[in-house]
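Undergrad: Need a 3D model of the sequence below.
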Amino acid sequence: MNGGGHMPQPPNSTMTMMGHRHMMMHMTFFWGRNAEILFHGWPGYDRLGMYFLALAVVFFFAMFVEWLSHCNILPEASRHGAVAGLLQSLMYALRVGLAYLVMLAVMSFNAGVFLVAIAGHFVGFFFFGSMAFRKPAPANYGTNTDLPPMSCC
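TA: Residues are numbered from 1 along each chain as shown. You can find the predicted model right below:
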């Protein structure tokens, strides 16, 4: 019936070609541990421990993005000048780079990765950005962080 003689592939997450397993890219959200997250072959096929490690990495990357968004590590006296500007720019580049890595991990369309990315941002914001643990800022101090906030607009 099929003119090319090709059989349609089964709708599972792997396929076998010449004895090797290859991961197929998902274009919809799916549940399961068989996913590729950020790097080829990672966490791998049927490797539950590595899948949990990948989830932990995404969680901590998201938390670290929130910490960088709300941290205050530069001394107030050294907030002016070229060195402070360079340090702020490096921190900004690190924050944006990690945010992109979290976004690329979510683009694996694995529902577990999506949930831990949101959980990492939630926990990070709760500890570093919310009013739950924030010390009141002095009246003469305009912002409470070294970096400008992430913009949604």
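Undergrad: dump the residue contacts of Phe60.
TA: Applying Cβ atoms under 8 Å, 6 or more residues apart in numbering to Phe60 gives the contacts Gly120. C-beta: built from backbone N, CA, C; applies to glycine.
Undergrad: Okay, buried residues for the helix or strand where it lies please.
TA: Element membership of Phe60, judged by DSSP states H and E, is helix 48-70. Of all the residues in helix 48-70, those buried under the rule 16 or more other Cβ atoms under 10 Å are 50-51, 54-55, 57-70.
Undergrad: who's in contact with the following helix or strand past that helix?
TA: Downstream of helix 48-70, the first helix or strand assigned by DSSP H and E is helix 82-106. Residues outside helix 82-106 that contact it (Cβ under 8 Å, 6+ apart): 37-38, 54, 58, 61-62, 64-65, 68-69, 71, 74, 78, 113-114, 117, 120, 146-147, 150.
Undergrad: mind running it again at 10 Å?
TA: 29, 35, 37-38, 54-55, 57-69, 71, 73-75, 77-79, 81, 113-118, 120-121, 145-148, 150 (Cβ atoms under 10 Å, 6 or more residues apart in numbering).
Undergrad: One more: stretch 109-120?
TA: Contact with stretch 109-120 is made by 13, 25-38, 43, 51-52, 54-66, 102-103, 105-108, as judged by Cβ under 10 Å, 6+ apart.
Undergrad: Can you tell me the SS state at Phe39?
TA: The three-state label given to Phe39 by DSSP: H, G, I helix; E, B strand; the rest coil is coil.
Undergrad: so it touches Met50, yeah?
TA: No. Applying Cβ atoms under 10 Å, one finds Phe39 not in contact with Met50, separated by 11.1 Å.
Undergrad: What average pLDDT does the helix holding Phe60 get?
TA: Across helix 48-70, the average pLDDT comes to 93.
Undergrad: okay, the angle between it and helix 82-106?
TA: 140 degrees (axes from the mean of the first three to the mean of the last three Cα atoms, to 10 degrees).
Undergrad: Dump helix 48-70 to PDB, restricted to CA.
TA: C-alpha atoms of helix 48-70 as PDB (Å, rounded to 0.1, in the frame of the first residue of the first chain):
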ATOM      1  CA  LEU A  48      16.200   6.900  36.400                       C
ATOM      2  CA  GLY A  49      19.100   8.200  38.600                       C
ATOM      3  CA  MET A  50      20.500  10.400  35.800                       C
ATOM      4  CA  TYR A  51      17.000  11.700  35.100                       C
ATOM      5  CA  PHE A  52      16.600  12.800  38.700                       C
ATOM      6  CA  LEU A  53      20.100  14.400  38.600                       C
ATOM      7  CA  ALA A  54      18.900  16.300  35.400                       C
ATOM      8  CA  LEU A  55      15.800  17.500  37.300                       C
ATOM      9  CA  ALA A  56      17.900  18.600  40.200                       C
ATOM     10  CA  VAL A  57      20.300  20.500  37.900                       C
ATOM     11  CA  VAL A  58      17.400  22.400  36.300                       C
ATOM     12  CA  PHE A  59      15.900  23.100  39.700                       C
ATOM     13  CA  PHE A  60      19.100  24.600  41.000                       C
ATOM     14  CA  PHE A  61      19.800  26.600  37.800                       C
ATOM     15  CA  ALA A  62      16.300  28.200  38.100                       C
ATOM     16  CA  MET A  63      17.000  28.900  41.800                       C
ATOM     17  CA  PHE A  64      20.400  30.400  41.000                       C
ATOM     18  CA  VAL A  65      18.800  32.700  38.300                       C
ATOM     19  CA  GLU A  66      16.500  34.000  41.100                       C
ATOM     20  CA  TRP A  67      19.400  34.500  43.500                       C
ATOM     21  CA  LEU A  68      21.300  36.500  40.800                       C
ATOM     22  CA  SER A  69      18.200  38.500  40.100                       C
ATOM     23  CA  HIS A  70      17.900  39.600  43.800                       C
END
